[in-house]
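[1] Sequence first, then the predicted structure, then my questions.
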Amino acid sequence: MATILGLDLGTNSIGWALLKEYELGKPPVELHAGVYVFPEPGELTNNERVFVSNRLKRGQTRRQRRQLRRRRQRMRHVTRLLIEHGLLPADPVARMELMSKDRDQSGGRPYHPFMLRKRGLDEELSLHEFGRCLHHIARRRGYLSTRDLMRRTLEESLGLDHVATALLEEGPNSDATAAEEEQKERSKLLARLREVRERIRAGEARTIGEFCADRLAQGTAVRATGKRKKGRQARPDTLGWRADRFMHEEEFERLWDAQSRFHPGVLTSSLHDQLFHAIFSQRPLASKRGLIGPCQFLPSRKRLARASLLAQRCSILQSLVNVQLQESAGWPIRRLTGDEVGKLADELDRRDRLSWDDAKTVLGVSKSAQFSNELEGKGRTKRKTGGFTGNKTAAAMREALGADRWHSLPPEV
């Protein structure tokens, strides 16, 4: 009979088990098992003495390489399209001169890309000047978060733009493993994005390009200055003016509409679609469908998503059937009856959380009663904060849509 070696490879441990090959329906025979535990490789940062694992650094470097590679591919594709349709010079030397041209003889900066993007909203630009505007937008096409991708999916599939915005409004990221420093930087970036978006909506500018051109004319820093380096003159860090992907897409459409009136034979709708896709197309999020395991009850089907209403209901019932209740000191500890489980489950379906006292009110028992999962700590004398976890999916949708509209939706939605 053959033997099987099973390995569990972790970041700071390796578990192993040696089993004899077994027949279907019979329990395996364990020969040996064990685990090796070792410190996770990494280092402490100098400033805050925070431990940073090598795995995290490798992941950051890998993502940076991937991002730079894809950016080069995108810019090559955009440049090729612009050259093919006469929006950029085919000669590399002439193209370099166009890209580096900034100031005129008087010292002004009318040929700066931001200035061209502002002029292009009202005045005629040459094809090469317009091509430089599009090339500049492609290089800095704006920030697009995962939440924005999800919001777009909801808007396109359901047509509920206000629902998507309410559900996916920018807030703390759910990725708890991200470094604290990255979270701080991301919070600063999102705050800057909101500020720029609000100032444009207030009428300070029509597009992000015009907004930056006005700041450039005033001598205000437009781009970030980065962190201070040792040995250089101290200066405050400047985050710069940031914009999201939607602002750049809107500016692209405005510029195209304005310039297509002057160059209708070149700026066709077909070229518009090609350039828009080349500049703003975003790779879809990697699918995890292949990692979803089979259901333990119906092996021929995949496991249900935790956010689905059925999975939420199952989780609620599973937690309630394991709960025990002692109605008063000295009374016997018992499980909840079927009617009690049904009452609590129906109430939890309407909330994202139910406090201990509210749960006792629903059951009609005294506030001095104790649930088995209500106490914690040594001797189980300390009361837990919170309560029973409810249907978070239904609660979020009800808050976004309103109770009446949510309950009127058909089950398949």
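    Sure, I can see it. Numbering: from 1, shown residues only.

[2] hey, let's count contacts and neighbours off CA atoms from now on
    Will do.

[3] who touches residue 324 in this structure?
    By CA atoms under 8 Å, 6 or more residues apart in numbering, residue 324 lies in contact with 333, 334, 335, 336, 371, 372, 373.

[4] Buried only: go through those residues for me.
    335, 336, 371, 372, 373 (16 or more other CA atoms under 10 Å).

[5] which of those residues lies closest to residue 192?
    Distance to residue 192 across the buried ones among the contacts of residue 324 (CA to CA) is lowest for residue 373, with 43.7 Å.

[6] Apart from its chain neighbours, what residue comes closest to residue 266?
    Spatial nearest neighbour of residue 266, excluding adjacent residues (CA to CA, 6 or more residues apart in numbering): residue 85 at 7.2 Å.

[7] Correction: the previous question concerned residue 12.
    Nearest to residue 12 is residue 40, by CA to CA, 6+ apart, at 4.7 Å.

[8] Surely the one you found touches residue 55?
    No - the criterion here is CA atoms under 8 Å, and residue 40 misses it with residue 55 at 9.0 Å.

[9] Tell me how the protein divides into domains.
    Using automatic domain parsing, the domain parsing of the chain gives 3-39, 68-169+183-227+239-280, 309-408.

[10] CSV for those domains, including distance to residue 291 and mean pLDDT?
    Listed next are the domains of the chain as CSV, based on distance: least, CA to CA, whole Å; pLDDT from 0 to 100:
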stretch, distance to residue 291, mean pLDDT
domain 3-39, 17, 83
domain 68-169+183-227+239-280, 20, 83
domain 309-408, 18, 85
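
[11] between these, which gets nearest to residue 299?
    Of the domains of the chain, nearest to residue 299 by CA to CA is domain 3-39, at 15.2 Å.

[12] in that closest one, what counts as buried?
    Result for domain 3-39 [16+ other CA under 10 Å]: buried residues 16, 18, 19.

[13] pretty sure the last one contacts residue 7?
    In this case it means residue 19. No - contact criterion CA under 8 Å: residue 19 and residue 7 do not qualify, at 11.4 Å.

[14] Which of the three states applies to residue 35?
    strand (DSSP: H, G, I helix; E, B strand; the rest coil).

[15] Let me see the ranges of the strands in the stretch 251-400 of the chain.
    324-326, 334-335, 353-355, 370-371, 375-376, 382-383, 387-389 (DSSP state E, counting those that start in this stretch).

[16] Name the surrounding residues that touch the second one.
    In other words, strand 334-335. Contacts with strand 334-335, where a contact means CA under 8 Å, 6+ apart, come from 321, 322, 323, 324, 325, 326.

[17] Just the buried residues of those.
    Buried subset of the contacts of strand 334-335 (neighbour count, 16+ other CA under 10 Å): 324, 325, 326.

[18] wait, doesn't the last one sit right on residue 368?
    Just to be clear, that refers to residue 326. No - between residue 326 and residue 368 there is no contact under CA under 8 Å: 9.1 Å.

[19] if we can go back for a sec, possible to save the strands of the stretch 251-400 of the chain as JSON lines with distance to residue 307?
    Formatted as JSON lines, the strands of the stretch 251-400 of the chain follow (distance: least, CA to CA, whole Å):
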{"stretch": "strand 324-326", "distance to residue 307": "26"}
{"stretch": "strand 334-335", "distance to residue 307": "28"}
{"stretch": "strand 353-355", "distance to residue 307": "15"}
{"stretch": "strand 370-371", "distance to residue 307": "26"}
{"stretch": "strand 375-376", "distance to residue 307": "28"}
{"stretch": "strand 382-383", "distance to residue 307": "28"}
{"stretch": "strand 387-389", "distance to residue 307": "13"}
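
[20] Export the buried ones among the contacts of residue 324 to a markdown table and append columns for distance to residue 285.
    Converted to a markdown table, the buried ones among the contacts of residue 324 look like this (distance: CA to CA, whole Å):
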| residue | distance to residue 285 |
| --- | --- |
| 335 | 44 |
| 336 | 43 |
| 371 | 42 |
| 372 | 42 |
| 373 | 38 |
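
[21] From the chain's centroid, how far away is stretch 5-19?
    Here stretch 5-19 shows a centroid-to-chain-centroid distance of 33 Å under the convention CA atoms, centre = their mean, to the nearest Å.

[22] Please apply the same query to stretch 285-305.
    Relative to the centre of its chain, stretch 285-305 is centred 22 Å away, using CA atoms, centre = their mean.

[23] Quick one: the buried ones among the contacts of strand 334-335 as a markdown table, columns for distance to residue 361 too.
    Formatted as a markdown table, these follow (distance: CA to CA, whole Å):
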| residue | distance to residue 361 |
| --- | --- |
| 324 | 16 |
| 325 | 14 |
| 326 | 15 |
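
[24] wait, which of these is closest to residue 101?
    Looking across the buried ones among the contacts of strand 334-335 and measuring by CA to CA, the closest to residue 101 is residue 324, at 76.6 Å.
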